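In: got a predicted structure plus its sequence, pasted below:
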Amino acid sequence: MQGRVDAESVSESAALAAAAESGLTALVVDCDRARNRSAVLRAVVKAIDYPEFFGGDFDALYDGLCDTLLDQKEGLFLWFRHLHSGDPALAEDTLAIQAVCDDVVEFAANNERRFAYAIQHAGAHPAPEPGVDPTPYSGRGD
């Protein structure tokens with residue numbers, strides 16, 4: 001497994017299982033509540049458990065993914081769950097995230113590792129309901 005995996009042709013569980021079976025560390029980046037670039041990048045940092053300072057740009061995303069990749073024996077697989085690429089704030093950023101991931105695939109090949117990723121597109125977030133606070137990014141207070 002290497003490069004982009006088509007999230008429309010395989011389920012999340014099947015992709016994660018195939019990645020693990022091929023020796024990759026398989027992680028889920030939960031983007032469901034992310035409404036902007038900063039929130040998506042925070043979701044990536046949380047998924048890869050990146051302990052160092054992480055800037056809020058795509059260079060930092062590349063550096064974090066490459067560092068994490070090098071820490072893995074075989075390589076890394078990321079499943080971007082529910083990336084709301086239909087949101088105007090995320091439309092261009094989704095393309096940039098994919099470009100960064102493609103660059104990490106090349107970095108992996110040059111460093112005897114494998115990197116694969118899938119982006120599960122979720123369209124736009126629903127419009128907020130009047131008088132109802134949106135669910136905070138950190139989760140529900142249940």
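Out: Happy to help now that I have it.
In: strands of the chain, residue ranges please.
Out: Taking DSSP state E as the test, the strands found in the chain are 3-5, 25-30, 75-83, 114-121.
In: for the first one, buried residues please.
Out: Of the residues in strand 3-5, those buried under the neighbour-count criterion (16 or more other CB atoms under 10 Å) are V5. C-beta coordinates here come from the backbone N, C-alpha and C atoms, glycine included.
In: what's that strand packed up against?
Out: Counting by 3 or more CB pairs under 8 Å, 6 or more residues apart in numbering; DSSP states H and E, the packing neighbours recorded for strand 3-5 are helix 91-110, strand 114-121.
In: which other residues reach the longest one?
Out: Right, the one you point to is helix 91-110. When contacts are taken as CB atoms under 8 Å, 6 or more residues apart in numbering, the neighbours of helix 91-110 outside the stretch itself are 2-4, 36-37, 40, 58, 61-62, 65-66, 69, 75-76, 78, 80, 83, 85, 114-117, 119, 121.
In: in PyMOL, select just the buried ones from those.
Out: To isolate the buried ones among those in PyMOL, judged by 16+ other CB under 10 Å, type:
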select buried, resi 37+40+58+61+62+65+66+69+75+76+78+80+83+85+114+115+116+117+119
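In: residue contacts, the residue positioned nearest the centre of the chain?
Out: Closest to where the C-alpha atoms of the chain average out (CA atoms, centre = their mean) is F80, at 3.9 Å. Residues in contact with F80, defined by CB under 8 Å, 6+ apart, are 7, 29, 31, 97, 117-120.
In: now do it against N111, distance only.
Out: In this structure, F80 lies at 22 Å from N111, with CB to CB, to the nearest Å as the measure.
In: pLDDT below threshold where in this protein?
Out: Under the criterion pLDDT under 70, the flagged ranges of the chain are 52-53, 125-129, 134-142.
In: let's see 50
Out: Counting by pLDDT under 50, the ranges of the chain that qualify are 139-142.
In: roughly how far does Q72 sit from A116?
Out: 12 Å.
In: between the two, what contacts are shared?
Out: Common neighbours of Q72 and A116, counting by CB under 8 Å, 6+ apart, are L24.
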